[in-house]
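In: pasting the sequence and the predicted model now:
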Amino acid sequence: MIHCINDYKQNPGMRYELHDLPYEMNALEPHISGKTIKYHHENLQKDYINNLNILLTDTKFTNIDLETIIRIADGPVFYYAAQVWNHTFYFEGLKPGNNSKIKGPFAEIIKNNFGSVSFFKNAFFKAAGSLFVSGWIWLVLNQKGTLGIIMEDHLGNPLRRGLFPLMNCDLWEHAYYLDYQNRRGDYLESFWKLINWELIEKRYYEAISI
Ligand code: MN
């Protein structure tokens, strides 16, 4: 079970709700504006959650946790479940400040998997830049304990491939258009400064202990 989504485990009769972000709307400025976060969270994410609740009503998915729904559902139920999960994971993976330097044990893990932190960053940016459509880029852990970078078109989620997500970046234009228009590279540089590496490391240790 991925740590961040525990709150989304449904209890019988309960519906998913929009949770407050772990920071103020404008706390990610100047890298991502409060306007973007507000629109992204209070409009888009709220709509995804509302639509998911409507779709799940009186279905076999009512008492199944969100990660299982993502693994087994198809069509609109999968689409909305994945968008809700992906966005929760994304927002929680960010932290105010300038966090571009990966510190501690996780820096060593990155080096062991990618050769160096800068090579990892370059590979991540190159992959993100090559995704032609809207989608997500992910740092994942596979079943063998190796890290990898994968892209998912539109609203894909690596849980469906048996991978453990550790970090994601929203590459839909709505995530950056207000601040950067079509300049995805500039958005990625800003995103890189906001990554909550302590949480990514925590997710890693949780995933390898499963
Ligand atoms: Mn988004």
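Out: The structure has been received and is ready for your questions.
In: the residue of the chain at minimum distance from the ion: neighbour count?
Out: Per Cβ to the ion, Asp170 is where the chain lies closest to the ion, at 4.2 Å. Bear in mind the C-beta positions are built from the backbone N, C-alpha and C, glycine included. Per other Cβ atoms under 10 Å, the neighbour tally for Asp170 reads 22.
In: ok, for it, nearest residue in space, not its chain neighbours?
Out: Nearest non-adjacent residue to Asp170, counting by Cβ to Cβ, 6 or more residues apart in numbering: Tyr90, 5.1 Å away.
In: residue numbers of this protein in contact with the ion?
Out: Contact residues (Cβ under 5 Å from the ion) of the chain with the ion: Asp170, Trp172, Ala175.
In: just put these in CSV and tack on secondary structure and pLDDT.
Out: Below are these laid out as CSV (DSSP: H, G, I helix; E, B strand; the rest coil; pLDDT from 0 to 100):
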residue, secondary structure, pLDDT
Asp170, strand, 98
Trp172, coil, 97
Ala175, helix, 97
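In: looking at those, spot the one nearest Thr36.
Out: Ala175 (7.3 Å; Cβ to Cβ).
In: and the nearest residue to that closest one once chain neighbours are set aside, how far from Glu152?
Out: Once flanking residues are discounted, Ala175 sits nearest to His40: 6.4 Å by Cβ to Cβ, 6+ apart. As for His40, its distance to Glu152 is 18 Å (criterion: Cβ to Cβ, to the nearest Å).
In: between these two, which one's more packed in?
Out: Comparing His40 with Glu152 by other Cβ under 10 Å, the one with more neighbours is His40, at 23 against 20.
In: so who does that one touch?
Out: Listed by Cβ atoms under 8 Å, 6 or more residues apart in numbering, the contact partners of His40 are His87, Phe91, Asp170, His174, Ala175.
In: now the buried members of these.
Out: His87, Phe91, Asp170, Ala175 (16 or more other Cβ atoms under 10 Å).
In: what's the farthest-apart pair in these?
Out: Comparing all pairs in the buried ones among the contacts of His40 by Cβ to Cβ, the longest separation belongs to Phe91 and Ala175, at 10.6 Å.
In: name the helices or strands packed onto the longest helix along the chain?
Out: Criterion DSSP state H: the longest helix present in the chain is helix 75-92. If contacts are counted by 3 or more Cβ pairs under 8 Å, 6 or more residues apart in numbering; DSSP states H and E, helix 75-92 sits against helix 46-56, helix 66-72, strand 164-170.
In: export only the CA atoms of it, formatted as CSV.
Out: Output in CSV follows, covering the C-alpha atoms of helix 75-92 (Å, rounded to 0.1, in the frame of the first residue of the first chain):
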residue,chain,number,x,y,z
GLY,A,75,-12.9,2.5,-18.8
PRO,A,76,-14.1,5.6,-17.0
VAL,A,77,-13.8,4.0,-13.5
PHE,A,78,-10.1,3.4,-14.1
TYR,A,79,-9.6,6.8,-15.7
TYR,A,80,-11.0,8.7,-12.8
ALA,A,81,-9.5,6.4,-10.1
ALA,A,82,-6.1,6.9,-11.7
GLN,A,83,-6.4,10.6,-12.0
VAL,A,84,-7.4,10.9,-8.4
TRP,A,85,-4.5,8.7,-7.3
ASN,A,86,-1.9,10.3,-9.6
HIS,A,87,-2.8,13.8,-8.5
THR,A,88,-2.8,12.9,-4.8
PHE,A,89,0.7,11.4,-5.3
TYR,A,90,1.9,14.4,-7.2
PHE,A,91,0.7,17.1,-4.8
GLU,A,92,2.0,15.2,-1.8
